[in-house]
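Visitor: sequence and predicted structure are below.
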Amino acid sequence: QVQLVESGGGLVQAGGSLRLSCAASGRTFSNDVMHWFRQAPGAEREFVARIRWSSSITYYADSVKGRFTISKDNTKNTMYLQMNTLKPEDTAVYYCAIDNGPGTQRYWGQGTQVTVSS
């Protein structure tokens, strides 16, 4: 069973930075895609960024492009989200997820709260 555990959330002032981590376990990861999503209060969950496990190809939502960087460490089975120049509208619960592409089962972490004060 795949397990994902996020960490690194917290409270930060606007303009500050945070780095989230997502530790994956449960099987060997090879052709997977790892994602970051977020959900603000009263809003739907939205895509933030993704990275391919094998190729490290990345893709970002327009709202975070240039401010957030997704990366991974295959030796630690861990994915990261470096968030810079944070804005109050980045406040949300951030979730990591993993799947093998469209139509495959997606596993989710429990989420970590990020709060950006103005």
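Guide: Nice, I can see it. Model, not experiment: these values are computed from the prediction.

Visitor: enumerate the beta-bridge partners assigned to the spatially most central residue of the chain.
Guide: Geometric centre of the chain, nearest residue: Trp36, 2.7 Å, by CA atoms, centre = their mean. Note on Trp36: beta-bridge partners by DSSP bridges are Ala49, Cys96.

Visitor: secondary structure class for Glu89?
Guide: helix (DSSP: H, G, I helix; E, B strand; the rest coil).

Visitor: let me see the contact set for it.
Guide: Contacts of Glu89 were listed using CB atoms under 8 Å, 6 or more residues apart in numbering, and they are 40, 63, 116. For every residue, glycine as well, the C-beta is placed using N, CA and C.

Visitor: need the buried ones from the residues you listed selected in ChimeraX.
Guide: Per 16 or more other CB atoms under 10 Å, the buried members of the contacts of Glu89 correspond to this ChimeraX selection:
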select :116
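
Visitor: mind putting the contacts of Glu89 in a markdown table, secondary structure included?
Guide: Below are the contacts of Glu89 laid out as a markdown table (three-state DSSP):
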| residue | secondary structure |
| --- | --- |
| Ala40 | coil |
| Ser63 | coil |
| Val116 | strand |
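
Visitor: just the contacts of Glu89 now: which is nearest Leu11?
Guide: Leu11 has its nearest neighbour among the contacts of Glu89 in Val116, at 8.0 Å by CB to CB.

Visitor: so what pLDDT did the closest one get?
Guide: Val116 carries a pLDDT value of 98.

Visitor: tell me what it is bridged to.
Guide: Val12.

Visitor: was I right about it contacting Asp90?
Guide: Yes. Taking contacts as CB atoms under 8 Å, Val116 lies within contact range of Asp90: 5.1 Å.

Visitor: OK, contacts around the residue nearest to the centre of the chain?
Guide: 20, 22, 47-50, 70, 79, 81, 94-97.

Visitor: thanks a lot, see you next time.
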